[in-house]
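Fold the following and give me the result.
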Amino acid sequence: MDGIVHPGLQRLYQYWLEKRGERSMPSRTDIDPLDIRFAIGNIVLIDVIEGAPLQFRIRLHGTNLAEHLRYDMTGKMLDDMPQAEYRNLSRQSFTQVATTKKPLHAHRDLVLDDRSRRYETISLPLSSDDNRVDVILCALFYEDES
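Prediction:
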């Protein structure tokens, strides 16, 4: 995947590729939190809930992200996210990853709550059966973070 600038995202993507091996995507059990300590505070783990439309539960919302946004989404549904614009953008991204079964990388520049938010993000599909995306491993680094 070209265009990844942040070293933590580059490293996470390489880790995902290594864990994937010959499969189309690794499973959640392939990911060891100790291996990704370099990004753990900037990680979001999202459970994909089948249905029409797909639903998303935030299993883990990294502490750096929660502090930056001033709310913690751990254990909540994506629909509970307070900012509609960010919620809708997240839903589009998560749906794309879940349906295409491919990683998604983006640079974003948003204004939410009258605050500028510039960040780089990557969303990586995980699958327990190498067919259906059941978890998305997302990492996000704000421009002001190293």
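
The longest strand seen in the chain pairs with which strands?
Taking DSSP state E as the criterion, the chain has its longest strand at strand 115-126. Sheet pairing of strand 115-126 (DSSP bridges) gives strand 104-112 (antiparallel), strand 135-142 (antiparallel).

who touches it?
Here strand 115-126 makes contact (C-beta atoms under 8 Å, 6 or more residues apart in numbering) with 1, 4-6, 9, 12-13, 16, 25-28, 30-31, 93-94, 97-98, 101-111, 133-143. Just so you know, the C-beta spots here come from the backbone N, C-alpha and C atoms, and that holds for glycine as well.

what about 7 Å?
The contact list for strand 115-126, computed with C-beta atoms under 7 Å, 6 or more residues apart in numbering, reads 4-6, 9, 12-13, 16, 25-28, 31, 93-94, 97, 101-110, 133-143.

How about stretch 15-26?
With C-beta under 7 Å, 6+ apart, stretch 15-26 has contacts from Asp30, Ile31, Asp35, Ile36, Lys101, Leu124, Pro125, Leu126, Ser127, Asp130.

Select only the buried ones of those in PyMOL?
Selection of buried members from the contacts of stretch 15-26 for PyMOL, criterion 16 or more other C-beta atoms under 10 Å:
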select buried, resi 30+31+36+124+125+126+127
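
Show me the two of the contacts of stretch 15-26 that sit farthest apart.
Asp35 and Lys101 (22.3 Å; C-beta to C-beta).
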